[in-house]
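Fold the following for me, if possible:
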Amino acid sequence: MKTILLVVLAGFMMACSTVPLTNRKQLSLIPAEEMQSLAAENYNAVLDSSQLSNNTEAINSIRDVGSEIASAVQDYLKKIGREDLIEGYAWEFNLIESPQVNAWCMPGGKIAFYTGILPVCEDENGIAVVMSHEIAHAIAQHGNERMSQEMALQMGGVALSEALATQKTETTSLAMLAYGTGAQLGVILPYSRSHESEADEMGLYFMAMAGYDPREAPKFWERMLQSSQSGVPEFLSTHPDPKNRIKALNEHLPKALEYYNE
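The predicted model follows:
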């Protein structure tokens, strides 16, 4: 059974693309146009159902920083011949009035900040840390990969179910339960942490390319660590532990400073 499942998942891995800067291979099954269309629809729905901030100064900071980093990233992608990664992108940067300490990005460059994260950002350098991280999610096409993984797992589940068709009902149920748990712990959540770590690294380089000091990134996560402590163990969390993020960012700083000093 394990062999059948691995063969099915291995087949999906044939549809791979490469993430810039990290050179990681990723699964990409969904056309970019479909992802962007779906994202734009959902992004507008979120904005329509949310209270947008009327803080002009904060809104301008969000949009200025976002535009600067997006422009620097576009120049970099042009330089390495990977402009295809942002084909059809229409960058949007909005600020939602909410106490949530959060920001997110949808495929196609649709980014939203919540006002609750601004005190942790403190200034435009802090905004650049968060913004570059979200832009990195868009460039690395993590949304597409996430949905592609889910598609692959669903197909794997179908194959396993068919392989167990002749087994007793109790045995089949236990096997499917084990597969579901194994998939969650072995594929779904680790990839989420992988995406966050990858966005941290790429974001560090992107903010440096745009002229923001990458040494501000570890400082931001120090503040985040002080402002909020999660009770969820890192192994079952979709985000890496802040202490581990800070350590990893410091390890990537030498390369980021090369971009910053160019």
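
now residue 214: how far from residue 124?
Noted for residue 214: a distance of 14 Å to residue 124, by CB to CB, to the nearest Å. Where you see a C-beta, it was placed from the backbone N, CA and C, and this is true even at glycine.

Looking at those two, which is more packed in?
residue 214 (27 against 16; other CB atoms under 10 Å).

helix, strand or coil for the more buried one?
Using DSSP: H, G, I helix; E, B strand; the rest coil, the secondary structure recorded for residue 214 is coil.

I'd assumed residue 261 was in contact with it.
No: Residue 214 is beyond contact range of residue 261, at 10.4 Å (criterion: CB atoms under 8 Å).

where do the helices sit along the stretch 151-262 of the chain?
Here the stretch 151-262 of the chain has its helices, by DSSP state H, counting those that start in this stretch, at 169-183, 189-209, 216-227, 242-260.

Likewise for the stretch 1-150 of the chain?
Going by DSSP H, counting those that start in this stretch, the stretch 1-150 of the chain shows helices at 2-12, 32-48, 56-79, 118-121, 124-139, 142-163.

any idea which of the ones you listed scores lowest on pLDDT?
Per-stretch mean pLDDT for the helices of the stretch 1-150 of the chain is lowest at helix 2-12 (a mean of 50).

Make JSON lines out of the helices of the stretch 1-150 of the chain and add distance to residue 194.
JSON lines is the format used below for the helices of the stretch 1-150 of the chain (distance: least, CB to CB, whole Å):
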{"stretch": "helix 2-12", "distance to residue 194": "16"}
{"stretch": "helix 32-48", "distance to residue 194": "19"}
{"stretch": "helix 56-79", "distance to residue 194": "20"}
{"stretch": "helix 118-121", "distance to residue 194": "24"}
{"stretch": "helix 124-139", "distance to residue 194": "12"}
{"stretch": "helix 142-163", "distance to residue 194": "9"}
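
Count residues in the vicinity of the nearest residue to residue 130 once chain neighbours are set aside, would you?
Distances taken as CB to CB, 6 or more residues apart in numbering put residue 103 closest to residue 130, at 5.0 Å, once the chain neighbours are dropped. Per other CB under 10 Å, the neighbour tally for residue 103 reads 22.

Most tightly packed of the helices of the stretch 1-150 of the chain?
When those are scored by mean count of other CB atoms under 10 Å, the highest mean neighbour count falls to helix 124-139 (a mean of 25).

Out of the helices of the stretch 151-262 of the chain, flag the one nearest residue 134.
helix 189-209 (7.5 Å; CB to CB).

got the CA positions of the closest one in CSV?
Presented in CSV, the C-alpha positions along helix 189-209 are these (Å, rounded to 0.1, in the frame of the first residue of the first chain):
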residue,chain,number,x,y,z
LEU,A,189,1.9,21.0,7.6
PRO,A,190,5.6,20.6,7.0
TYR,A,191,5.2,22.2,3.5
SER,A,192,3.4,25.1,5.2
ARG,A,193,6.4,25.7,7.5
SER,A,194,8.7,25.2,4.5
HIS,A,195,6.8,27.9,2.7
GLU,A,196,7.1,30.3,5.6
SER,A,197,10.8,29.6,6.0
GLU,A,198,11.3,30.0,2.2
ALA,A,199,9.4,33.3,2.2
ASP,A,200,11.5,34.5,5.2
GLU,A,201,14.7,33.8,3.2
MET,A,202,13.5,35.2,-0.1
GLY,A,203,11.9,38.2,1.6
LEU,A,204,15.2,39.1,3.3
TYR,A,205,16.8,39.3,-0.1
PHE,A,206,13.9,41.2,-1.7
MET,A,207,13.9,43.9,1.0
ALA,A,208,17.7,44.3,0.6
MET,A,209,17.3,44.6,-3.2
